[in-house]
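Undergrad: Dropping the sequence and predicted coords here.
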Amino acid sequence: MAERTQYEELMRQFSAFGAVRRELGRIMPSDCPGGSAAVLTLLDRYGDMRMSKLAELLSVDMSVTSRHVAHVVDRGWIERSPDPADKRSRILRLTPRGRAQVDELSWRTAQLLADRLSDWSDEEVGQLIRLMTRLRASFGDCRTAQPPPTRPPVVADTPHTSDSPHHELEHTTRTPA
């Protein structure tokens with residue numbers, strides 16, 4: 001098992017990885033923000049689906065999914081049609097314009113990655129893919145709430161300062177730098 005310092009360094013790298021994600025976001029067309037790109041990508045990968053399934057795959061609330069879907073519908077990239085099995089539900093489907101948009105997004109992303117990783121070997125790129133896939137699998141279904149890690153009890157005579165390795169963890173959504 002890795003040492004704590006390695007996990008701390010890994011956390012710093014995760015935080016720094018935000019810069020990579022932001023650069024990937026900057027190359028996207030201005031009318032296709034990240035949420036829209038995710039909707040298009042999932043419909044391309046999994047095919048036609050109900051909005052509830054899309055919300056599940058996006059791991060976001062139905063109201064957020066509805067906003068993303070409305071955006072891509074307004075651009076003609078997907079269409080909503082009644083579900084033959086349940087007329088109250090809608091089936092989401094990529095349109096030809098949506099498929100062209102997915103192709104454009106894929107091309108832009110692949111070009112940026114090819115440019116930035118041009119000095120990487122095919123084996124190194126493959127290793128990165130395998131490790132990232134394994135990391136994601138290690139976290140399982142992140143949509144289900146997991147209890148936060150707990151610290152072992154602190155010895156009574158240990159001072160509780162922010163410098164002490166035994167201070168309580170602050171629960172926050174911020175990522176350490």
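TA: Here it is on my side, so go on.
Undergrad: What lies in contact with the strand ranked longest in the chain?
TA: Among the segments of the chain that qualify as a strand by DSSP state E, the longest is strand 86-94. With contact meaning CB atoms under 8 Å, 6 or more residues apart in numbering, strand 86-94 is reached by 39-40, 43-44, 48-52, 54, 69, 77-83, 102. Any C-beta I mention is one placed from the backbone N, CA and C, and that applies to glycine too.
Undergrad: what is the mean pLDDT for it?
TA: Averaged across strand 86-94, pLDDT comes to 90.
Undergrad: Same question for whichever helix or strand comes after that strand: list its buried residues.
TA: The helix or strand immediately downstream of strand 86-94 is helix 96-116, counting by DSSP states H and E. Of all the residues in helix 96-116, those buried under the rule 16 or more other CB atoms under 10 Å are 98, 101-102, 105, 108.
Undergrad: And for stretch 78-90?
TA: For stretch 78-90, a neighbour-count test (16+ other CB under 10 Å) marks 78-79, 90 as buried.
Undergrad: Disregarding flanking residues, what is the spatial nearest neighbour of residue 104?
TA: Nearest residue to residue 104 in three dimensions, chain neighbours excluded: residue 29, at 7.1 Å (CB to CB, 6 or more residues apart in numbering).
Undergrad: Secondary structure of that neighbour: a strand, I assume?
TA: No. The assignment for residue 29 (DSSP: H, G, I helix; E, B strand; the rest coil) gives coil, which keeps it out of a strand.
Undergrad: Quick check on it: phi, psi?
TA: Backbone geometry at residue 29, expressed as degrees, to the nearest 10, gives phi -60, psi 150.
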